[in-house]
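> quick one: sequence plus predicted model below, questions after.
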Amino acid sequence: MLSQDYRRNLEENISAMPGTAAMYYRNLESGESFSFNGAEPIMAASVIKLPIFLEILRLADSGALSLEEEIICSDEDKVGGCGALKAFPGEISLPLRTLAELMITISDNTATNLIIDRVGLPELQRGFEAAGLMVTRLRRKLYDAQASAMGLQNTISVSEIGMLLEKLFRGELVNPAVSEYALETLLRQQINHKIPGYIKGFNARIAHKTGEDSGISNDVGIVYAKQPFVLCFAAQGTDVPRWERFIRETSLEIFEKCGGAAEKS
């Protein structure tokens, strides 16, 4: 349980961060929660890939598209930042499923843009809204410098992302099978220096998605402690090393307050 003193300490630490910082926590067993700037729009960076992934799975389950559909990736499609597709020369063809998994597990920007092109930005945004995402908005593709210069930024709120993660945990994102597949993919996340930073030594399972850019550092996920919990952090215009240290320390503290590592089944 988070004491009043601990909550005040969290609020003071987050308030003291440069820029705009937000945090959301919800114990998935007791229902206890904490939110600071929970509804504040914050630049999403690669966390926008999580609602894109979930909308792709919903569309596939409805029959609107197939995860086995082959998508062509040409040299003109390849962008910088995270990912492996940019390293492959020439034209390659991959199933939509593979693109979606690359988008999550190694945060592949090229894979993300190919998915946005395949489905369409307006269609994805309509899916966001249907899922109850009003602050979380997809306004442009990744590495679109022109759109960024025009002020078009993808945004999230930690409370909305926290809501999606709780639905996943409870098997309510489309259906239990889709939720289980999404969680299994998130558990294979390869960027693990934030929420998992100090917890991973305890062999805890963490299903999460990160995002980072200049002055931006986000991480959102489910920590499978004895009492599982959702934890979401996002900040823009901040001191990234300081903020990420706070993420690691706070994640470990809450992990311990929630009973530490779950027993192996």
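Noted; the coordinates are in hand. Numbering: from 1, shown residues only.

> list the contacts of Asn192.
200, 206 (C-beta atoms under 8 Å, 6 or more residues apart in numbering). The way it works is simple: take the backbone N, C-alpha and C, and place the C-beta from them, glycine included.

> quick one: pLDDT of it?
Asn192 carries a pLDDT score of 96 in this model.

> just Ser265 next, same as before
pLDDT, read off for Ser265, is 44.

> check Ala145 too.
83.

> what about it, neighbour count?
Neighbour count of Ala145, defined by other C-beta atoms under 10 Å: 8.

> measure it to Ala182 for me?
For Ala145, the distance to Ala182 equals 31 Å [C-beta to C-beta, to the nearest Å].

> and for Ile14?
For Ile14, the distance to Ala182 - C-beta to C-beta - is 28 Å.

> so between those two, which is more surrounded?
The neighbour comparison of Ile14 against Ala182 (other C-beta under 10 Å) goes to Ala182, with 24 against 19.

> got the contact list for Ile191?
82, 106-107, 210.

> ok but it is inside a strand, no?
No. Counting by DSSP: H, G, I helix; E, B strand; the rest coil, Ile191 is not part of a strand but coil.

> quickly note the distance from it to Thr210.
From Ile191 over to Thr210 (counting by C-beta to C-beta), the distance is 5 Å.

> what is in contact with those two at once?
By C-beta under 8 Å, 6+ apart, the residues touching both Ile191 and Thr210 are Ser107.

> which regions of this protein lie under the pLDDT threshold?
Where the chain drops to pLDDT under 70, the residues are 263-265.

> hmm, who's touching whichever strand or helix holds Leu124?
Assessed by DSSP states H and E, Leu124 sits inside helix 121-130. Helix 121-130 is contacted from outside by 51-52, 55, 58-59, 116, 136-141, using C-beta under 8 Å, 6+ apart.

> and for the protein, the residue most distant from the center?
Gly90 (30.1 Å; C-alpha atoms, centre = their mean).
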